[in-house]
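Engineer: next come a sequence and a model predicted from it.
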Amino acid sequence: MSVVTSSDTASAEEWAIIDEPDRFREWGTSTTYPLPSPHLADATITIGSSSDCWLQLSHPKNRISRRHARLLRSGGRWKLGDLDSKNGIMLDGARRSSFYLKPGDEVGFGPGGIVLIVESPRLVQLREFLARLIGWSEARQADVDSALRAVRIAATRRGSLLLCGVGGLVLIARLLHSHTLGEKRPFVVCDPDRRRAEPDVRAAVNYDDGLAALQDAVGGTICMWRERPLPDFDLTVEKVRRPDARVQLVMCSQQAPDPRLPPVGPTIVLPPLSERVSELPRIVDEFGRDASASLGGGELTAKGAEWVVRHESSNLSRIATATRRLVALNKVGNNRPRAASLLGMAKSTLG
């Protein structure tokens, strides 16, 4: 059970991941530390370099005090407090004396010290999805955590997110929206080149007026292409950045940001799948499982998965689209009109 206080209201309205934290994980690694049982609320649970601490941490530059911080249960939530340590505790880079733990928080022990990410089941699911987009190798762990940070900033601080890669990035943006804000929140697209969908097709609403889109996207996401902005693009972005906007902006771009220029905001760069050939079967399999779950049945057969790897693996969007169509066809016995209806797409489009 998650408990939300008045101080968390703004974040809770934007960030759907508010379930109970259950572990720490070292930033950029797979090393995890399960949180104690909530029944130990009255126990003294310490974190530090001493061997008798509940969680013993070490740092090559001795930034961890013997008894650095205390974890306690307060009001049904975990609260971390500094024990007058030399280097203090940090929340998302800012020194604090104490704070409640929330999913996604980056907890630091001194400047330049160890950083632990507060995780919950929903946050783990989000990170696993980001790993699907970026990679599962040890070399990609830090990139995945950077992406997790970018997504959280955009969702909880009502900022913008730059999503860079090849292919249909709007679909990837919508999947991120589902993981972070939820399916019930509005997701609108602003793309002057987007074709109008047929009346019976369930597609994201497309706007040619950014300010109108802003009104209908309150509590949700606006998705735009950086390379083909609307006439009122600058004004729309300016309004999104206001504290009272309550809209997340995802800008898609086929080009990675120029490292010589100042960053435009939190950024996720999707590596080309040509660099992840060995991971393609796993990517296809995971999109297939997602499709089966969302469609309420059907499966991606081994033959279908092999076909996707061979013919539809140029980018993540094509994989996601192809696996979903194959699962739908499997669910309805290869009846194409029924599969098109199930997918909410035009019959002529399902090939």
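Structural biologist: Good, I have the coordinates.
Engineer: assign Met163 to helix, strand or coil.
Structural biologist: For residue 163 the amino acid is Leu, not Met. When the structure is reduced to helix, strand and coil (DSSP: H, G, I helix; E, B strand; the rest coil), Leu163 reads as strand.
Engineer: touching, it and Ile268? I think so.
Structural biologist: Yes: A contact is recorded between Leu163 and Ile268 when judged using Cβ atoms under 8 Å, the distance being 5.3 Å. C-betas here are computed from N, CA, C, even on glycine.
Engineer: show me where the chain has its helices.
Structural biologist: The residue ranges that make up the helices of the chain, judged by DSSP state H, are 9-14, 121-134, 141-156, 169-180, 210-216, 233-240, 280-295, 302-311, 316-331, 336-343.
Engineer: figure out which of the ones you listed is closest to Leu350.
Structural biologist: Counting by Cβ to Cβ, Leu350 lies closest to helix 336-343 out of the helices of the chain; the figure is 4.5 Å.
Engineer: so which bits of the closest one are buried?
Structural biologist: By neighbour count, with 16 or more other Cβ atoms under 10 Å as the criterion, the buried positions of helix 336-343 are 339-340, 342-343.
Engineer: low-confidence ranges in this structure?
Structural biologist: Residues of the chain meeting the criterion pLDDT under 70: 1-14, 40-43, 158-159, 195-204, 261-263, 348, 351.
Engineer: give me the domain ranges for it.
Structural biologist: Per the record's domain assignment (automatic domain parsing), the chain is made up of the domains 20-119, 123-271, 274-343.
Engineer: nearest to Thr349, out of the ones you listed?
Structural biologist: domain 274-343 (7.2 Å).
Engineer: could you tell me the end-to-end distance of the closest one?
Structural biologist: Across its full length, domain 274-343 reaches 29 Å between end residues, using Cα to Cα, to the nearest Å.
Engineer: equivalent analysis for stretch 100-114, please.
Structural biologist: OK, stretch 100-114 end separation, Cα to Cα: 18 Å.
Engineer: give me the distance from it to the chain's centre.
Structural biologist: Shown here is stretch 100-114, whose average C-alpha point lies 18 Å from the average C-alpha point of the whole chain (Cα atoms, centre = their mean, to the nearest Å).
Engineer: how about stretch 217-225?
Structural biologist: In this view, stretch 217-225 has its centroid 15 Å away from the chain centroid, taken as Cα atoms, centre = their mean.
Engineer: same question for that stretch: list its buried residues.
Structural biologist: 217, 220-225.
Engineer: give the contact list for Gly108.
Structural biologist: 89-91, 93, 114-116 (Cβ atoms under 8 Å, 6 or more residues apart in numbering).
Engineer: mind doing that once more with 10 Å?
Structural biologist: The neighbourhood of Gly108, defined by Cβ atoms under 10 Å, 6 or more residues apart in numbering, consists of 27, 63, 87-96, 114-116.
Engineer: and if you look at Arg152?
Structural biologist: Applying Cβ under 10 Å, 6+ apart, one finds that Arg152 lies in contact with 11, 14-15, 17, 92, 102-106, 117, 123, 126, 180, 266.
Engineer: one more pass at 8 Å, please.
Structural biologist: The contact partners of Arg152, taken as Cβ under 8 Å, 6+ apart, are 15, 104, 180.
Engineer: show the buried residues in these.
Structural biologist: 15, 104, 180.
Engineer: could you export the residues you listed as a markdown table, including distance to His311?
Structural biologist: Listed next are those as a markdown table, based on distance: Cβ to Cβ, whole Å:
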| residue | distance to His311 |
| --- | --- |
| Trp15 | 38 |
| Gly104 | 37 |
| Thr180 | 31 |
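Engineer: so for Phe233, what's the nearest residue that isn't a sequence neighbour?
Structural biologist: Of all residues not flanking Phe233 in the chain, Gly210 sits nearest, at 6.1 Å (Cβ to Cβ, 6 or more residues apart in numbering).
Engineer: my guess is the one you found contacts Ile222, does it?
Structural biologist: Yes: with contacts defined as Cβ under 8 Å, Gly210 counts as touching Ile222 at a distance of 7.5 Å.
Engineer: hey, what's in contact with both of these two?
Structural biologist: Between them, Gly210 and Ile222 share these contacting residues under Cβ under 8 Å, 6+ apart: 190, 236.
Engineer: need the buried ones from the contacts of Gly108 selected in PyMOL.
Structural biologist: Buried subset of the contacts of Gly108, written as a PyMOL selection, criterion 16+ other Cβ under 10 Å:
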select buried, resi 27+63+87+88+89+90+91+114+115+116
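Engineer: out of the contacts of Gly108, which comes closest to Ala131?
Structural biologist: The shortest distance between Ala131 and any of those, using Cβ to Cβ, involves Trp27 and amounts to 14.4 Å.
Engineer: for that closest one, which non-adjacent residue is closest in space?
Structural biologist: Of all residues apart from its sequence neighbours, Val115 sits closest to Trp27 (Cβ to Cβ, 6+ apart), at 4.1 Å.
Engineer: next, the residue of the chain most remote from its centre: phi, psi?
Structural biologist: Most distant from the centre of the chain: Asp52, at 36.1 Å, with distances by Cα atoms, centre = their mean. Asp52 adopts backbone torsions of phi -90, psi 10, taken as degrees, to the nearest 10.
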